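S.K.: Next comes the sequence, and after it the predicted model I'd like to discuss.
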Amino acid sequence: MPALSKKSSGFTDSVIRRMTRVANKYGAINLSQGFPDFDPPAEITDRLREVADVGPHQYPITWGAKNFRDALAKKQAHFMGRDIDPETEIVVTCGSTEAMMTAMMSVVDPGDKVIVFSPFYENYGADAILTGATPIYVPLVPPAFDFDRDQLEAAFKQHPKALILCNPSNPSGKVFTYEELKFISELAIKYDTFAITDEVYEHIVYEPYKHIYISSLPGMYERTISCSSLSKTYSVTGWRIGYVIASPTVIERAKKVHDFLTVGAAAPLMEAAVVGLEFPDSYYKELRDHYTHMRDLFLGGLKDIGLKFTQPQGAYYVLVDISEFGQGDDLAFCEWMAEHIGVAAVPGSSFFKEDINDYIRFHFAKKDETLNAALERLRKLK
Ligand SMILES: Cc1ncc(COP(=O)(O)O)c(C=O)c1O
């Protein structure tokens, strides 16, 4: 058999999906892979039923159905604070996953460098491999997940093509402050670097924190490629609808990359999702309140049990400090925990570039009964 590609040989099996398999094997409550166990808004699923009868069922315009882009442009203009042209500034993709890949392939050449904050969402490593880019990792140091400004500037001095910014961050729950974003944007301008954002948790931010789009900072519009999706905002991770928003120059290129990657997002799902994009502001407030409730329930329970953890400012994950259990091997700890405690988490080391083995990640986008059952089991840890 001929050799398989060198490029793909660097890929490791996703630890998150591995933990899901481990959870299934032991019947553990799965708090590893981040998806809700509650339903999407009924308006969206009701509309999907109608769409099944009336269509569309054929290829959409490759860069997204017009009514979907119109609704998305209106919604994002409202939250991002500027007009967005649905014809020239949007590409609809198969999730933020494809949006990020499309963004990378549109601006990064093999041999280019990209800055990635660590801990990071595992896809960024794969995106770098597929585009032939070399990541420069800059630590976000737990428990506060601050970065060292000199270290970041040292990374910029290597003249990276882009910086990847996951804000709000998975797995740390960090929400970047205005001052941090301003510092990053000044460096991006000084060293002529793109900011590729992953903002899938843009609407899951806890009071008093606020999500600020880096694209809204002075001088950043032309150099920001904003990626996000409907997955988390409307609890439809399986629908695979995401998007890139950027300047017409970038989008013109991104449309072509996207066309060759996937042709387009699913036409009936885009059609059904339009009602979601038209929800009033109250929907996003209720979403935040719902996530605040889940966060308080789960973190309150962890505190009662006496576990140490870092406080998420956004997204729906918590990093629990397992150093008191003294194993030094977070993967072994997670496998042991799934088997003997009955709850699955993700070893933190799969997110850190640094040698950090003291954290495991739980996600809490779950019904109350799921979270309460998990907490009941986690009591046995003590
Ligand atoms: C930071 C981050 N980006 C992207 C994704 C995937 O998003 P999508 O479903 O839009 O591809 C996830 C899913 O967990 C995530 O946590």
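M.R.: Structure received.
S.K.: which ones are touching Thr197?
M.R.: Ile164, Leu165, Cys166, Asn167, Tyr213, Ile214, Ser215, Thr224, Ile225, Ser226, Cys227, Ser228 (C-beta atoms under 8 Å, 6 or more residues apart in numbering). Backbone N, C-alpha and C define where each C-beta goes, glycine included.
S.K.: residue ranges for the helices of the stretch 101-250 of the chain, please.
M.R.: Applying DSSP state H, counting those that start in this stretch to the stretch 101-250 of the chain gives helices spanning 123-131, 149-156, 178-190, 248-262.
S.K.: Can you give the contact residues for the third one?
M.R.: Meaning helix 178-190. 147, 149, 152-153, 156, 163, 165, 167, 176, 193-195, 212, 214, 217-220, 223.
S.K.: how about 6 Å then?
M.R.: Residues from elsewhere that reach helix 178-190, judged by C-beta atoms under 6 Å, 6 or more residues apart in numbering: Phe156, Ala195, Ile212, Ile214, Leu217, Gly219, Met220, Arg223.
S.K.: okay, among those residues, which ones form the most distant pair?
M.R.: Phe156 and Ile212 (20.1 Å; C-beta to C-beta).
S.K.: Now for Met1, how many residues are close by?
M.R.: Met1 has 3 neighbours, counted by other C-beta atoms under 10 Å.
S.K.: Not counting residues beside it along the chain, what's closest to the residue of the chain found nearest the ligand?
M.R.: Of all residues in the chain, Gly95 sits closest to the ligand, at 2.6 Å by C-beta to the nearest ligand atom. The shortest distance from Gly95 to any non-neighbouring residue, by C-beta to C-beta, 6 or more residues apart in numbering, is to Gly242 (4.2 Å).
S.K.: Equivalent analysis for Asn123, please.
M.R.: Thr97 (6.1 Å).
S.K.: So what's the residue count around that neighbour?
M.R.: 20.
S.K.: Same question for Leu72.
M.R.: Neighbour tally, Leu72, other C-beta under 10 Å: 25.
S.K.: what's the answer for Glu179, then?
M.R.: That count, for Glu179 with other C-beta under 10 Å as the rule, works out to 8.
S.K.: What distance do you get for it to Ser350?
M.R.: Taking C-beta to C-beta, to the nearest Å as the measure, Glu179 falls 30 Å from Ser350.
S.K.: Ala144 too?
M.R.: 21 Å.
S.K.: Would you map the strands across the stretch 101-250 of the chain?
M.R.: 113-118, 134-139, 162-166, 194-198, 224-229, 242-245 (DSSP state E, counting those that start in this stretch).
S.K.: Output those strands as TSV; include the columns mean pLDDT and distance to the ligand.
M.R.: Putting those into TSV (pLDDT from 0 to 100; distance: least, C-beta to the nearest ligand atom, whole Å) gives the following:
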stretch	mean pLDDT	distance to the ligand
strand 113-118	98	12
strand 134-139	98	16
strand 162-166	98	5
strand 194-198	98	5
strand 224-229	98	3
strand 242-245	98	4
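S.K.: Any chance of CSV for these, columns distance to Gln76?
M.R.: Converted to CSV, the strands of the stretch 101-250 of the chain look like this (distance: least, C-beta to C-beta, whole Å):
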stretch, distance to Gln76
strand 113-118, 24
strand 134-139, 28
strand 162-166, 17
strand 194-198, 12
strand 224-229, 8
strand 242-245, 6
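S.K.: out of these, which comes closest to Gly300?
M.R.: Of all these, it is strand 162-166 that lies closest to Gly300, at 26.2 Å by C-beta to C-beta.
S.K.: Strand 113-118 and that closest one, what's the angle between them?
M.R.: Strand 162-166 runs at 20 degrees relative to strand 113-118, counting by axes from the mean of the first three to the mean of the last three C-alpha atoms, to 10 degrees.
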